[in-house]
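Trainee: Got a sequence here, can you model it:
(one chain, ligands or ions: 1)
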Amino acid sequence: MDTSSLQLSVAAGIIILFPFLLHRFQRRRAPFPPGPPGIPFIGNLFQLPLEQPWIKYASWAKQYGDIVHLTAFGQHIILLNSESAVLDLLERRSAIYSDRPQLCMSGELVGWSESVPMISYGDRHREYRKLLNEALAPRKLEELHAMEEEKAFEYLQLLTKDSMSFPAHARRLVAAIIFDISHGYTVAERDDPRMELAERANNEFALSAVPGAYLCDTLPILKYTPEWTGIQFKKDAKQFKKTLDTLRNEPYDKVKAEVTTIQPWTHADGTAKPSFSQRLIERNPRPKPEEELTQKWAALAIYGAGADTTTSALEWFFLAMYLYPKVQEQAYSELMKVVGPTRLPRFSDRGNLPYISAMIKEIHRWNPVVPLALPHRLTQDDHYCGYHIPAGSIIWANSWSLLHDPTVYPAPFEFSPERFLSDNEKLNPDPRRYAFGYGRRSCPGQVLAEDILFIAIAITLCVFRIEPADASKTDVEFTSTVLQVRFRVALPVSTNRIPYSHPKELEYNLIPRSEEAFSLLQ
Ligand code: HEM
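Mentor: Okay, the predicted model is just below:
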């Protein structure tokens, strides 16, 4: 090669490689997003708020910008506080932002890391989502409306008998609908063993995910400690795993035993009620062990991820009704105009009840049940808005902050369904876009949740007026527990636990609307 062609080749090489080299150079030079200064090695661990972290995160955003960087023991944490950042990263770049962080104790040792919401992004997750999306498609869910109306009627009857236990009845209603869908199981009127098992599993998940409670989360090597040493965390893991395995296997195995095509030689009598599990078993009568496990986890996810969230939204509805009596009266008057006093509302009325629909949107906006979505995990280094976001970062999207931005939702702390009835398209976008999460991990149960909320809300308002027990008390207290567990343990918030939002307590009176309304329950 002569000198000139060598020079030419070098120049061409530089031109071709320049964008790549520049990108690498920028990437290496790019700083982390700004954030509050931390302590060496420990990072910002002690600054992470224990209660309602979304509020502190929103205030950091005002100080440092829409993308905030924190660390805890070397773990990078990124807080996203604007719509553009959330959608750019979690939706437009969802191929690399859809993983989940894992904990050693609750994830690996107890086994939750295989569950739909917690599993790492990959083939198994895609398989789960395929099964769930198929079963929870809007057209499929319409077939369930009659069953849901029936369960809502039962709930109203129980509420009439014992009006002071709304949270328990709401929880039972949601469980009754969900277990019917997932396993064709009928929940008992009280002390249902399967609901108790599910709550125990949730409780144990909460305990096993408490940051700092188990040293193996900080030093994963400890997981290899043999059981014969009698070490406590191994004993706890064994007990929690047993509960989780029972909850995943028993309901499914019961359906399997009832489907005659599987085991015609047993006493199975073909009595399996139509359900998600029953259809999976019939469609794939001889699954490989791996396929069967996938089916079991998918069936469990409907209860596991759907029950507490939907019940919480109903609690927020209750609270909003007694804090905002004018809204309640407006909803009631719409119901009386469309449904009238001589029957109960049905799904077929929904299209004619715009105020109720706006109220449900406002519940999702006013106090989103999952204010920070679930944590996403970035799988490869990324570069955004001039910042470097390292692979392995835990990403929290502050949905609460987006839903309380006064430039988008004026007077954001007011409960005002009217905001969704105005013609101004620029303001008050549909809050469900944020309340149900993002990208490839967004909630597959949204339509089901909306159905349950609609029927429970419409039917309650037709029969009862909800009043505060003490009208002078107007301040709301929140909790941000891991899950709403029976004993409502308030637990500190870690880098990758899931804070859910609940009202701390409900103090209300239920006043029957009329003799006529009451007689509808007979
Ligand atoms: C008001 C009720 C509900 C709300 C507000 C809600 C909200 C959410 C949110 C914010 C996420 C996390 C999304 C993300 O990581 O970006 C999620 C995930 C999930 N939700 Fe819901 N949800 C509700 C009800 C339900 C119901 C009824 C089901 C039943 C099937 C369900 C099943 C799931 C599952 C399986 C996931 C995990 C998805 C994945 O990781 O791929 N949810 N939900």
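Trainee: can you give me the strands in the stretch 51-200 of the chain?
Mentor: According to DSSP state E, counting those that start in this stretch, the stretch 51-200 of the chain carries its strands in the segments 67-72, 75-80.
Trainee: Using JSON lines, lay out the ones you listed together with mean pLDDT and distance to the ligand.
Mentor: Any C-beta I mention is one placed from the backbone N, CA and C, and that applies to glycine too. As requested, those are exported to JSON lines (pLDDT from 0 to 100; distance: least, C-beta to the nearest ligand atom, whole Å):
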{"stretch": "strand 67-72", "mean pLDDT": "94", "distance to the ligand": "17"}
{"stretch": "strand 75-80", "mean pLDDT": "94", "distance to the ligand": "11"}
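Trainee: Reformat these as TSV; add mean neighbour count.
Mentor: Conversion of these to TSV gives the following (neighbours: other C-beta atoms under 10 Å):
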stretch	mean neighbour count
strand 67-72	23
strand 75-80	24
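Trainee: Make a markdown table out of these and add distance to residue 508.
Mentor: Formatted as a markdown table, the strands of the stretch 51-200 of the chain follow (distance: least, C-beta to C-beta, whole Å):
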| stretch | distance to residue 508 |
| --- | --- |
| strand 67-72 | 38 |
| strand 75-80 | 35 |
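Trainee: Return the helix or strand in this structure with minimum mean pLDDT.
Mentor: strand 478-479 (a mean of 54; mean pLDDT, DSSP states H and E).
Trainee: so the spatially closest residue to residue 157 that is not a sequence neighbour, which of the three states?
Mentor: Spatially, and ignoring its direct neighbours in sequence, residue 157 is nearest to residue 521 (5.5 Å; C-beta to C-beta, 6 or more residues apart in numbering). Remark: residue 521 carries the secondary structure label coil [criterion: DSSP: H, G, I helix; E, B strand; the rest coil].
Trainee: what's residue 521 in contact with, if anything?
Mentor: With contact set as C-beta atoms under 8 Å, 6 or more residues apart in numbering, residue 521 has these partners: 153, 156, 157, 160, 463.
Trainee: Tell me where the model's unsure across the stretch 101-250 of the chain.
Mentor: Applying pLDDT under 70 to the stretch 101-250 of the chain flags residues 210-212.
Trainee: And the residue of it closest to the ligand?
Mentor: Nearest residue of the stretch 101-250 of the chain to the ligand: residue 117, at 3.7 Å (C-beta to the nearest ligand atom).
Trainee: That residue touches residue 303, doesn't it?
Mentor: No. Taking C-beta atoms under 8 Å as the contact criterion, residue 117 and residue 303 are not neighbours in contact, 12.0 Å apart.
Trainee: Looking at these two, which one has more neighbours?
Mentor: Summary of the neighbour comparison: residue 117 and residue 303, criterion other C-beta atoms under 10 Å, with residue 303 having more neighbours (24 against 17).
Trainee: The more buried one against residue 177, yeah?
Mentor: No. Distance between residue 303 and residue 177: 10.2 Å, which falls outside the contact criterion (C-beta under 8 Å).
Trainee: Can you give me the neighbour number for the residue lying closest to residue 67 once chain neighbours are set aside?
Mentor: Here the nearest residue to residue 67 in space, its sequence neighbours aside, is residue 33; by C-beta to C-beta, 6+ apart that works out to 4.1 Å. Residues lying near residue 33 (other C-beta under 10 Å) number 24.
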